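1. Quick one, structure for this:
(one chain, ligands or ions: 2)
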Amino acid sequence: MEEKKKKKVKTIKIDLDKCNGCKACEVICSAFHANPPYSSNNPARSRVRMIREPIRDIYVPVYAGEYTPAECMGRDKYIIDGKEYDECALCRAACPSRNVFKEPDSGLPLKCDMCEGEEEPLCVKWCITDALTYEEREEDIDEEPKAPEVDASLKSMIDKYGMDKIADAITRMSQKG
Ligand code: SF4
Ligand code: SF4
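-> Numbering: from 1, shown residues only. Ligands and ions are numbered 1, 2, ... in the order given. Sure thing, here's the model as predicted:
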């Protein structure tokens, strides 16, 4: 019988009860993703963002997820412990309706890459309260990702940002490697 291919699933588990809002995760993420790495520290470059409500002692780290070329049709509003948060405040997407999770220099979307190349995500390493913990597991893969899906998402990025900005971002990412 043919052995199934495996994929590695990486998870950062977030324990809100332990987070104290110190923002060390934002600081190290933005420094690691500076070009060259560690040359600057700009939280706007971070792939994790702290939503804070110090009076109520509520801190929620939100990780940058997928880029989406279109705004979603609805809006979410969360009420946590009586405090109502802005629309989209806890959303992970880089999308056209707000400036969150966008590279400050180029406007290109940001996405958490789990600190590719590092043994452990740096935000996890720097979180002294252990609000963040890292887990890995393997899952079976049924089929390879379909090339047309990859092409479509690349094309939508090029349509939105232009070939030059995309090429520039790829060059910067490859320099990090
Ligand atoms: S895992 Fe790495 S890239 Fe993702 S938010 Fe944490 S420090 Fe940033
Ligand atoms: S480093 Fe940990 S405790 Fe500090 S803000 Fe980030 S998740 Fe919260």
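2. any idea which helix or strand carries E139?
-> Assigned by DSSP states H and E, E139 belongs to strand 132-141.
3. Quickly check: that strand near ligand 2 or not.
-> Yes. In terms of Cβ under 6 Å from any ligand atom, part of strand 132-141 sits within range of ligand 2, namely L132. Any C-beta I mention is one placed from the backbone N, CA and C, and that applies to glycine too.
4. same deal with stretch 6-26?
-> Yes. Interface with ligand 2: stretch 6-26 contributes C19, N20, G21, C22, K23, A24, C25 (Cβ under 6 Å from any ligand atom).
5. Counting neighbours, show which residues of that stretch come out buried.
-> By neighbour count with 16 or more other Cβ atoms under 10 Å, stretch 6-26 contains the buried residues I12, I14, C19, G21, K23, A24, C25, E26.
6. Next up, the contacts around the last one.
-> For E26, the contacting residues are P43, S46, V48, R49, M50, by Cβ atoms under 8 Å, 6 or more residues apart in numbering.
7. Compare the residues you listed and tell me which has the most neighbours.
-> When neighbours are counted by other Cβ atoms under 10 Å, S46 leads the contacts of E26 with 25 neighbours.
8. And the lowest mean pLDDT element among the helices and strands of the protein?
-> Of all helical and strand segments in the chain, the minimum by mean pLDDT, DSSP states H and E falls on helix 163-176, at a mean of 69.
9. and the gap between the residue nearest the centre of the chain and ligand 1?
-> What sits nearest the mean C-alpha location of the chain, by Cα atoms, centre = their mean, is A64, with 2.4 Å. In this view, A64 and ligand 1 are 7 Å apart by Cβ to the nearest ligand atom, to the nearest Å.
10. what does K155 give?
-> Taken as Cβ to the nearest ligand atom, the span from K155 to ligand 1 is 25 Å.
11. How many residues are close by the nearest residue to Y38 once chain neighbours are set aside?
-> Spatial nearest neighbour of Y38, chain neighbours left out: A31 (5.0 Å); criterion: Cβ to Cβ, 6 or more residues apart in numbering. A31: 19 surrounding residues under other Cβ under 10 Å.
12. just to revisit the earlier point, keep the contacts of E26, but drop any that are not near ligand 1.
-> Contacts with ligand 1 within the contacts of E26, as defined by Cβ under 6 Å from any ligand atom: V48.
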